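Enquirer: Task: produce atomic coordinates for the following.
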Amino acid sequence: MDQVQLPKNVNRIQKDELFTFSCHPEVNCFTDCCRQLELALTPFDVLRLKQETKLDSSTFLERYVIQEQEAEDAFPRFYLTMVDDGQASCVFVAKTGCTVYPGRPGACRAYPMGRAAIRQGDNSMREFFVLLKESHCHGFQEKEEQTAGRYSEGQGLEAYNSFNDKVAILLQHEKIRRGMQLTEKQTQYFVLALYDLDNFRTQLNEGKLPNQEEYVNRKNLCTDDEELLLFGIEWLHGVLFNQ
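Expert: Below you'll find the model as predicted:
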């Protein structure tokens, strides 16, 4: 990312660098950032949203998620559906704000900040932070001082970043960097283990999946979605990369 040319309205910041920003209903651009956007969803985003909406994962995916994959992509991408209201509004935004606020996606929590994580040789993640200053956003005129670290903590991003980094180790695997493409079955396993957790649990319970011996010994996976997602990430390393 050190060599990446950033857009003019995006500035690299250090984790402890001060900036002023606050978002609340009294800011006159409130919810403008919930429109005209393309919101990519991570596996942990979907986990939290399906819990917040009290839907099973398959229903949530069918109702609220668009899955896309370009020919050159190793993995499919997932996006939240938008309302066809002329503003491409988030399906969960109302006049009073976000209707799924406790389970809102990580990108919504982080805005107007962005974080990128690059896998190192020892599987540690090197992180970078940027600020996105869009013309419609008046939150920067607020007086509350922030840093990337402080803002991340206040927005509850620790768990999101932790899970996203573990998934990034899969996405940035050396075999993928060398051009590996998934088979149709491997792609199905990727979607199942990371995004369709309830169906993943069912298939594990029914003994329908390969390399699932460890599942039998971890009873908490039957009820704990976060533990199941961690298991799914581990399981995919074996299914995709024989690790």
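
Enquirer: how about the helix or strand of the chain with the lowest mean pLDDT: buried residues?
Expert: The least trusted helix or strand in the chain, going by mean pLDDT, DSSP states H and E, turns out to be helix 213-216, with a mean of 81. The neighbour-count check on helix 213-216 (16 or more other CB atoms under 10 Å) flags residue 215 as buried. No exception for glycine: its C-beta is placed from N, CA and C like everyone else's.

Enquirer: Show me the contact partners of it.
Expert: The contact list for helix 213-216 (CB atoms under 8 Å, 6 or more residues apart in numbering) reads 204, 221, 231, 234-235.

Enquirer: rerun that using 7 Å as the cut-off
Expert: Helix 213-216 is contacted from outside by 204, 221, 231, using CB atoms under 7 Å, 6 or more residues apart in numbering.

Enquirer: what helices or strands is the strand or helix carrying the last one leaning on?
Expert: This points to residue 231. Using DSSP states H and E, residue 231 sits within helix 225-241. Applying 3 or more CB pairs under 7 Å, 6 or more residues apart in numbering; DSSP states H and E, one finds that helix 225-241 contacts helix 43-52, helix 158-171, helix 184-195, helix 197-205.

Enquirer: go again using 6 Å as the cut-off
Expert: helix 184-195, helix 197-205 (3 or more CB pairs under 6 Å, 6 or more residues apart in numbering; DSSP states H and E).

Enquirer: Domain-wise, how is this structure divided?
Expert: Using automatic domain parsing, the domains assigned to the chain come out as 10-171, 182-241.

Enquirer: Buried residues of stretch 87-100, list them for me.
Expert: Neighbour-count burial for stretch 87-100, with 16+ other CB under 10 Å as criterion, is recorded at 89-90, 92-93, 98, 100.

Enquirer: go on, stretch 31-42?
Expert: 31-35, 37, 39, 41-42.

Enquirer: for stretch 181-200, same thing?
Expert: Within stretch 181-200, the residues that count as buried by 16+ other CB under 10 Å are 182, 186-187, 189-200.
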